[in-house]
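**Q** coords please:
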Amino acid sequence: MLVGTSLKQQVGAANELTARWCAAAGEADFVLSGAGVWPLLALLAAAADGPARAELAAAAGIPADTGQTAAVQLIEILDDAVDIAGALGIWVRKDLPLHDDWVAEQPKGTIDLLTDQAALDSWAAQHTGGLMEKFPLRLEPETVLVLATALVAKTKWRKPFEEILLVPERGPWQGVRISGLYRWTDDIDAAAILDGPTPVTRVIVTGTADLDVHLLVGDGDPGTVLRTGLGALTGAVPVSTELPPGTTGPGLQVTTVESTDRHDRLGIRLPSFDIRSFHNLLALPEVFGLRAATDTTRGHFPRISPAPLAVNQAAQDVLARFTREGFESAAVTAMGMVLAGMARPTHTIRAASVEFDRPFGFLAVHRPSGLAVTAGWVATPTPAPPPRSGGAPGEFGRVFR
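**A** Numbers count the residues shown, from 1 in each chain. Model (predicted):
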């Protein structure tokens, strides 16, 4: 589906959010989906008031009063694509009143009762083709409203790659044995040099329908390289596909060779990759406009409910895989709300903690009979994996010493 003029603003704003997020994502492996977050920000901006409305609208990059329509439009364009599917979900606790006009603005079938974690996990799996088995938020007793998007993108390459052993001769991966991919085609115009703050070489790997993958390599930091690639999508960054012999760029060399074929050739060598990231969106409130909206001393979304609401959770779980045959990615983004402006009662309780910081034993016990089915001893703990960008919920979130 072609993006119409009326959608250019939404697409541009979502891509700008992606660029800002990439700039804040660091230099380790990461994958993220600004397109998954953007509809939620736009929808919430339209429903908010006060500072939260201004911050959310600024993060979404559109006027707040157009946010509801814009959010639905972007989800619809994704869901109408061949290689991409998008979904919006809203779950409401049964005791939370909603304004009828806000309910009427949501796509049919979007709103459901908030029941349990299993229902949310099932929704995530259903709308990502099974790529995401878990919802990124864990329900809390105080949660009264949850909003989420799910995006999934899958394509096959028009020409598959060949699996190779890749051992770079220069650069930071010099001498490293890498699981690589190689392919040549006669579409040399798929390669280009982008005239960003520093040059970026781009290669477009074309899918069989309406999804392509743009590979970007440059000498800048990840945020700069990715922003350059995003800018090229709108023409904000000049793109040069004129590559005469002798042209060089990051990772690119153009030469002449003798061939029995009349067509120019483009050879690509790259590592295959499989990256998964979990992002706590509240850790970057300036990027997502969520600072005021998380102030639980007052409500911020009067168009949703007469009850005062504030955001208390926001997260995204996302993955991307590039293989010899194709590409697939999925993202589930969710925000949870609680009642605001109400002091929660406190109680004096006992608090105990147990730390298994030395060898320990375990028993697997059949509860009704007391039979120990298995028993064992842990003398050597499993080493922790290397840190990665934004681990899954609860995964190495804190370091104990």
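**Q** Confirm that Val203 sits in a helix.
**A** No: using DSSP: H, G, I helix; E, B strand; the rest coil, the assignment for Val203 is strand, not a helix.
**Q** That one: what's it in contact with?
**A** Neighbouring residues of Val203 by CB atoms under 8 Å, 6 or more residues apart in numbering: 190-192, 214-215, 266, 268. C-beta here means a position set from N, CA and C on the backbone, and glycine is covered the same way.
**Q** Among those, which one lies nearest to Ala293?
**A** Of all these, Ala293 sits closest to His214, with 32.6 Å by CB to CB.
**Q** How far off centre is the helix or strand harbouring Ser122?
**A** In the assignment (DSSP states H and E), Ser122 maps to helix 117-126. Its chain's C-alpha centre and that of helix 117-126 lie 18 Å apart, by CA atoms, centre = their mean, to the nearest Å.
**Q** contacts for it?
**A** If you take CB under 8 Å, 6+ apart as the criterion, helix 117-126 is touched by 89, 91, 112, 132-139, 146, 148, 150, 317, 332, 334.
**Q** Check which element follows it along the chain.
**A** Next along from helix 117-126, by DSSP H and E: strand 143-156.
**Q** That next one: what's the following helix or strand?
**A** As assigned by DSSP H and E, the chain's next helix or strand after strand 143-156 is strand 162-166.
**Q** how about the closest residue in space to Arg303 that isn't next to it in sequence, what does it touch?
**A** Excluding the flanking residues, the one nearest Arg303 by CB to CB, 6 or more residues apart in numbering is Ala47, at 4.1 Å. Contacts of Ala47 were listed using CB under 8 Å, 6+ apart, and they are 67-68, 102, 301-304.
**Q** And this structure, split by domain according to the record?
**A** Here the domain parsing of the chain from the TED database is 1-80+84-153+276-319, 156-272+346-378.
**Q** okay, the contacts of Ala47 in a markdown table with neighbour count, pLDDT and secondary structure next?
**A** Output for the contacts of Ala47, formatted as a markdown table (neighbours: other CB atoms under 10 Å; pLDDT from 0 to 100; DSSP: H, G, I helix; E, B strand; the rest coil):
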| residue | neighbour count | pLDDT | secondary structure |
| --- | --- | --- | --- |
| Gly67 | 25 | 96 | helix |
| Gln68 | 20 | 96 | helix |
| Trp102 | 19 | 97 | helix |
| Phe301 | 26 | 97 | coil |
| Pro302 | 17 | 97 | coil |
| Arg303 | 16 | 98 | coil |
| Ile304 | 25 | 98 | coil |
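**Q** Distance-wise, check the nearest residue in space to Asp295 that is not next to it in sequence relative to Thr296.
**A** Among residues not flanking Asp295 along the chain, Ala310 sits closest, at 6.2 Å (CB to CB, 6+ apart). Ala310 sits 4 Å away from Thr296, going by CB to CB, to the nearest Å.
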